[in-house]
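# Below: sequence and its predicted model.
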Amino acid sequence: MMLLATQPVEKSNRPAPLVKRFLDYIFVECGLAGATVTAYQRDLGEFWNHLVERDVEPADISMEDVQEHLIRLQRRGLVVSSIARHLAAIKVFLRHLYAERVLRRDLASLIEGSKRWRTIPDTVRYNRVEALLAAPDPGEEFYLRDRALLELLYATGMRVSEVVDLPLEQINLRLGYVRCMGKGRKERIIPVGRTAIEAVEEYLEYLRPRLLGDRLVSALFLSRTGRPLDRTNMWRLVRKYAITAGVDKPLSPHTLRHCFATHLLAGGADLRIVQELLGHADLTTTQVYTHVDETQLKRVHREYHPRP
């Protein structure tokens with residue numbers, strides 16, 4: 001029996017606003033590849049259409065809705081690996097909705113997902129990060145802003161959405177810390193190093209007033225038009241300077257967040273401190289999110305293994 005003829009909503013290629021925001025999040029903040037984001041869009045589009053057909057509001061999504069969708073996929077003849085891929089996408093989406101307080105229950109914790117889709121972003125060695133931070137040209141119009149942005153991203157490990165939403169009054173340059181409002185409206189305090197503080201101070205003194213003009217905008221980082229710099233443009237800036245610095249792998253603001261954590265751990269920082277700085281509610285998230293580089297592993301092995 002053919003069911004698709006009576007399902008006009010499935011013909012739409014435009015993702016629903018909540019799905020669109022999630023896709024922007026995994027592309028801009030998590031640094032997932034375009035092909036992966038496209039796969040998420042396709043799979044979540046089908047799930048969303050299923051919810052629309054059942055008149056299910058986002059806040060009322062239940063495990064029954066998920067199970068019925070999976071049964072439909074099975075009846076369509078999808079192989080197990082394809083259904084697992086759909087389920088993995090749904091799990092990540094539901095986790096995001098719960099973190100954003102759209103969902104009342106943490107449904108994602110009830111789903112056993114596939115480890116294949118649990119992607120850890122690439123990291124780069126410290127010397128490549130240094131090259132990236134030095135990439136902005138002092139002769140360019142937005143040099144001070146771009147340098148301050150890169151330095152702050154690496155100095156704090158903040159998510160790009162947190163930097164976008166960072167009001168001027170929440171960075172204390174004198175005491176050297178940022179008050180960051182993270183996922184679930186949870187606030188945390190992050191120290192800021194001297195280099196990043198100096199970069200932000202120069203931007204605030206010499207460029208931001210000119211970008212601001214007579215507008216009333218509280219965001220720290222502004223665009224050419226004096227509006228808050230959005231996360232897509234932040235992502236593009238990081239990519240631009242990565243290319244300038246000769247970094248031969250795709251870089252995103254999320255990569256700098258990952259480097260922040262990895263380099264702290266490689267330097268001997270306690271995992272729980274890194275968890276706090278990153279704003280992770282669960283330590284296991286930090287353990288998955290961070291890894292020690294190959295050089296550090298070899299050094300520890302040489303130092304502590306009893307047999308050379």
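Looks like it came in fine. Numbering: from 1, shown residues only.

# In stretch 185-198, which residues are buried?
190, 192, 196-197 (16 or more other C-beta atoms under 10 Å). In short, each C-beta sits where N, CA and C put it, glycine included.

# ok, of these, which one's closest to Pro58?
Ile190 (31.0 Å; C-beta to C-beta).

# ok, that closest one - contacts?
By C-beta atoms under 8 Å, 6 or more residues apart in numbering, Ile190 lies in contact with 156-158, 177-178, 180, 277.

# Quick check: the two most widely separated of the residues you listed?
Gly157 and Tyr177, at 13.3 Å, using C-beta to C-beta across these.

# Make TSV from the buried residues of stretch 185-198 and add pLDDT, distance to Ile83 and secondary structure to it.
Formatted as TSV, the buried residues of stretch 185-198 follow (pLDDT from 0 to 100; distance: C-beta to C-beta, whole Å; DSSP: H, G, I helix; E, B strand; the rest coil):
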residue	pLDDT	distance to Ile83	secondary structure
Ile190	95	41	strand
Val192	94	46	coil
Ala196	95	46	helix
Ile197	96	50	helix
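
# how about a markdown table for the residues you listed, with distance to Ala135 added?
Below are the buried residues of stretch 185-198 laid out as a markdown table (distance: C-beta to C-beta, whole Å):
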| residue | distance to Ala135 |
| --- | --- |
| Ile190 | 24 |
| Val192 | 20 |
| Ala196 | 16 |
| Ile197 | 20 |
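
# Out of those residues, which two sit at the greatest distance?
Farthest pair in the buried residues of stretch 185-198, by C-beta to C-beta: Ile190 and Ile197, 12.3 Å.

# Next one, pLDDT for Phe93 please.
Phe93 is assigned 91 on the pLDDT scale.

# From Ser109, how far out is it?
Going from Phe93 to Ser109 by C-beta to C-beta, to the nearest Å gives 14 Å.

# Would you mind telling me which of these two has more residues around it?
Phe93 (25 against 11; other C-beta atoms under 10 Å).

# Looks like the more buried one contacts Lys20 (just checking).
No: counting by C-beta atoms under 8 Å, Phe93 sits too far from Lys20 to count as a contact (11.7 Å).

# and which of the buried residues of stretch 185-198 is nearest Lys240?
Ala196 (19.5 Å).

# related to what we said a few turns ago, restricted to helices, list the contacts of Ile190.
Using DSSP state H, the subset of the contacts of Ile190 located in helices is 156, 277.
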